[in-house]
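> Predicted structure and sequence below. I'll ask about it afterward.
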Amino acid sequence: MIPKVFKEVIDLGDGREISIETGKLAKQAHGSVVVQSGKCMLLCTVVSNYEQKDLPFLPLTVDYREKFAASGRYPGGFFKREARPSDGEVLTMRLVDRVLRPLFPKDYHAETQVMIQLMSHDEDVMPDAMAGLAASAAIQLSDFPFECAISEARVGRVNGEFIINPSRSQLLESDIDMIIGASADSVMMVEGEMDEISEEEMVEAIKFAHEAIKEQIAAQHRLADAFGRKEVRTYEQVSEDEELEKKIHALAYDKVYAVAKAGSSKHERGEAFAAIKEDIKASYSEEELEEIGEKISEYYRKAEKAAVRDLTLNEGLRLDGRKTDEIRPIWCEVDYLPSTHGSSIFTRGETQALATVTLGTSREANQIDMPSFEGEETFYLHYNFPPFCTGEARPIRGTSRREIGHGNLAQRALKGMVPEDCPYTVRVVSEVLESNGSSSMATVCSGTMALMDAGVQLKKPVSGIAMGLITDMETGKYAVLSDILGDEDHLGDMDFKVTGTGDGITACQMDIKVKGLSYEILVKALKQARDGRLHILEKLVETIAAPRGDVKPHAPKMVTRIIPNEFIGALIGPGGKVIQELQKETGTTIVINEDPVTEEGIVEILGTDQNGIDGVLAKIDSLMFKPEVGSVYEVKVIKMLDFGAVVEYMDAPGNETLLHVSELAWERTENVSDVVNMGDVFDVKYLGIDPRTRKDKVSKKALLPKPEGYKERPPRDNNRRDDRRGGRDSRDRKPRRD
């Protein structure tokens, strides 16, 4: 039976389009679509169980995977099978999850899974930009309780023109790379990197992407209508007790407001809030608590949130006593760890990050092997968030998605300021030691100082700040918060992180939790963020004003030398013998790569001892040594022979040639030792390639005056010699038969 297929097409302009199709694949899923652009095809399926989980949150899993078969390749490694997700896949999962999760009802706790798979790859299409569209389109075909359709789009700018979903090659020329997630009414998520653009330019890019997203959402509605919309499922909803909620609010609100207004530390404030909650619970019997204890906790949290928000909106005060635009106290230190190549500490309030920098060769580059992209990173940043940084004890089960996402944001913030001619592979690691507020922005700040401490010649220092927003849609009041606390992140309406130099924005990450946020408020928030960034930047520059002029004494020095391909084999030697011995002798690391454009060898020499590096350079110079005809060179006798002496060029150790006995002196020389001896140093003239021996010919006598009355010998008759010895003329003769 031929399946009935439903399809909608979205025009992207420039002859490009995106199609959304359903009815052919994965029909047992609660919703499934195939999204295609060019040859790129994503299959998205969604399933949600009908049983509610006894959990205080939605157990939603967004999974994005790229199949190697999609690009006609095999997975790397011993087991030829896709394994755990790559960082790139995890980042795409986060982009989709952050937009979908807030649109499910707060009391919907059924196990829900969104699976997006790259089934066919196109070099000119970046699949992550279509993942959000695929997820939302599949949900629209299901019976999930979901607030509204959304989509995501990437926006770039080339030569001043905005582009929706640019190709990877276009992104190389673009000064903006942002992915925006939005509903038809509101922007919900922004993430990306920029080349020091202004706040107004960033907002214009968001607006441009939002218009494209509206078209994608309209296509989803058309597809769902054609397919046939399903009735939204019913599920067990939590009943509300309005009377109890009002009672808890009355008991808690004023007390919480007073504690919040006192401006205490995180620990003191937490204890005070906990005491208020326990006092309220103490007014109920154990039997009552068994029945309504969870609701009491829930309604207390609502009262606490309302009191803290009202304090900020009404009095412009925050939990720690700051004003809305005030930055917490900052202290910084560089060169803290004696053995690292660079290190720094950045502490802002109760948030602290310790960053280290390690310098290496291209061999240490981070290899990226995904079906949609193969390459390497010579600058990368890793972010670690151990449980002790928030005063918790919990299991450590590998790198979390959050750590990958925060590290990627900090990496994108800094990478544009690392000069293109930096000879090193640079790894930055941020260890978050305390956290109450944005540790990813602390990572940007500590990473900047650690790079400068390591002697990496950053173009400009970069700082970052996390901003918040509290709004009252009924009254129109709002407050933009600079340098938010962890608690303000949870109770606020927007969390956005902005990084940049003194001249513009380099990266951002934004999650907006309220509908209909005006662009006017967004611009104001971004400009307030700029003031905060510049304040923090001043503190960084006070600590270390500019990159160190050189790397530290114990850090490796890097020298790069370009050599013609013809000399690579000589440098490596048979079985790698020459290069291995050279590394051992000089205490260096030598890496040889081939430039695919110039087809030359790029030799990287890494070592802490300059003498060792100089030794490698001397060896390379020696291998590449080519004497010029007519030039004079100083040589040393290293071997005596009956028919001459083997001499070594003093300027190119290892390069030797034969000084024939006939070139020692103008007079006839019977014994070589009559003219030169072992170890003698003298000058010779390079005469070029001897046509008879096809070897280099040098002469000592050519630099000596001719004796008086000296007569040149008549030249030999080469034709007679060749004929006599079976030379060129004899080759034409037929071979003699025995």
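Everything's here; your move. Residues are numbered from 1 along each chain as shown.

> show me where pLDDT drops low in the stretch 401-550 of the chain?
Low-confidence regions of the stretch 401-550 of the chain, defined here as pLDDT under 70, do not occur.

> One more pass at 90, please.
421, 437-438, 471-477, 485-495, 512-525 (pLDDT under 90).

> for it, what spans make up the strands?
Ranges of strands in the stretch 401-550 of the chain, per DSSP state E, counting those that start in this stretch, are 425-434, 463-472, 477-482, 494-501, 504-512.

> So what are the sheet partners of the shortest one and their directions?
Note on strand 477-482: by DSSP bridges, its sheet partners are strand 463-472 (antiparallel).

> cool, and the first one?
Each strand pairing with strand 425-434, determined using DSSP bridges, is listed with its direction: strand 351-360 (antiparallel), strand 379-384 (parallel).

> Tell me, how many residues neighbour Ser430?
30 (other CB atoms under 10 Å). For glycine as for every other residue, the C-beta is placed from the backbone atoms N, C-alpha and C.

> For it, give its distance to Leu381.
7 Å (CB to CB, to the nearest Å).

> and for those two, which residues touch both?
Gly407, Ala410, Thr443, Gly447 (CB atoms under 8 Å, 6 or more residues apart in numbering).

> which of those tops the neighbour count?
Thr443 (34 neighbours).

> That residue against Leu381, yeah?
Yes: under the criterion of CB atoms under 8 Å, Thr443 makes contact with Leu381 at 7.4 Å.

> Spit out the residues that contact those two alike.
Residues touching both Thr443 and Leu381 (CB under 8 Å, 6+ apart): Gly407, Ala410, Ser430.

> re earlier: Asp195: which of the strands of the stretch 401-550 of the chain is closest?
strand 504-512 (7.5 Å; CB to CB).

> counting contacts, what elements does that closest one pack onto?
On a contact count with 3 or more CB pairs under 8 Å, 6 or more residues apart in numbering; DSSP states H and E, strand 504-512 meets strand 187-197, helix 199-227, helix 401-415, strand 494-501.

> The second one: which residues count as buried?
To tie it back to what came earlier, the one meant is helix 199-227. 199, 201-206, 208-210, 212-213, 215-217, 219-220, 223-224, 227 (16 or more other CB atoms under 10 Å).

> Let me know the average pLDDT across it.
If you average the pLDDT over helix 199-227, you get 96.

> Taking strand 425-434 as reference, get the angle to the host helix or strand of Glu268.
Here Glu268 sits within helix 266-282, counting by DSSP states H and E. Per axes from the mean of the first three to the mean of the last three CA atoms, to 10 degrees, the angle that helix 266-282 makes with strand 425-434 is 50 degrees.

> In a markdown table, list the helices and strands packed on strand 504-512 along with distance to Ser283.
Shown next, in a markdown table, are those (distance: least, CB to CB, whole Å):
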| stretch | distance to Ser283 |
| --- | --- |
| strand 187-197 | 40 |
| helix 199-227 | 49 |
| helix 401-415 | 38 |
| strand 494-501 | 35 |
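
> Of those, which is nearest Gly316?
Short answer: strand 494-501, nearest of the helices and strands packed on strand 504-512 by CB to CB, at 17.6 Å.

> For that closest one, which strands pair with it and how are they oriented?
Sheet pairing for strand 494-501, using DSSP bridges, gives strand 463-472 (antiparallel), strand 504-512 (antiparallel).

> can you list contacts of it?
Counting by CB under 8 Å, 6+ apart, residues outside strand 494-501 touching it are 190, 196, 409-410, 413, 417, 438, 440-441, 444, 460-469, 484, 489, 505-514, 517, 525-526, 529-530, 533, 537.

> So how do I select the buried members of those residues in ChimeraX?
Only the buried entries of the contacts of strand 494-501 go into this ChimeraX selection, using 16+ other CB under 10 Å:
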select :190,196,409,410,413,417,438,440,441,444,461,462,463,464,465,466,467,468,469,484,489,505,506,507,508,509,510,511,512,514,517,525,526,529,530,533,537
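
> thinking again about what came up before, determine which stretch of the strands paired with strand 425-434 is the most buried.
Highest mean neighbour count of these: strand 351-360, a mean of 24 (counted as mean count of other CB atoms under 10 Å).

> Kindly provide the distance from Lys230 to His30.
9 Å.

> So between the two, which is more surrounded?
His30 (21 against 14).

> I'd assumed Tyr50 was in contact with that one.
No: using CB under 8 Å, His30 is not in contact with Tyr50; the gap is 9.9 Å.

> how near is Pro145 to Pro691?
91 Å.

> ok, the two, which is more surrounded?
Using other CB under 10 Å as the criterion, Pro145 and Pro691 rank with Pro145 on top: 17 against 8.

> Show the contacting residues for the residue nearest to Leu317 when sequence neighbours are not counted.
Nearest non-adjacent residue to Leu317, counting by CB to CB, 6 or more residues apart in numbering: Leu311, 5.5 Å away. Neighbouring residues of Leu311 by CB under 8 Å, 6+ apart: Tyr257, Ala260, Lys261, Leu317, Arg318.

> okay, these in CSV with secondary structure next?
Below are those laid out as CSV (DSSP: H, G, I helix; E, B strand; the rest coil):
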residue, secondary structure
Tyr257, helix
Ala260, helix
Lys261, helix
Leu317, strand
Arg318, coil
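
> Tabulate the residues you listed (a markdown table), appending neighbour count.
As requested, the contacts of Leu311 are exported to a markdown table (neighbours: other CB atoms under 10 Å):
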| residue | neighbour count |
| --- | --- |
| Tyr257 | 19 |
| Ala260 | 26 |
| Lys261 | 16 |
| Leu317 | 19 |
| Arg318 | 26 |
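
> what about stretch 262-281, distance to the chain center?
Computed by CA atoms, centre = their mean, to the nearest Å, the chain-centroid distance of stretch 262-281 equals 40 Å.

> and what of stretch 642-649?
57 Å.

> now stretch 165-174
With CA atoms, centre = their mean, you get 16 Å for stretch 165-174.

> Check stretch 19-39 too.
Per CA atoms, centre = their mean, the centroid offset for stretch 19-39 relative to its chain is 31 Å.

> so what does the host helix or strand of Leu617 touch, helix or strand wise?
According to DSSP H and E, Leu617 maps onto helix 610-623. Here helix 610-623 touches strand 557-564, helix 568-572, helix 577-586, strand 600-607, going by 3+ CB pairs under 8 Å, 6+ apart.
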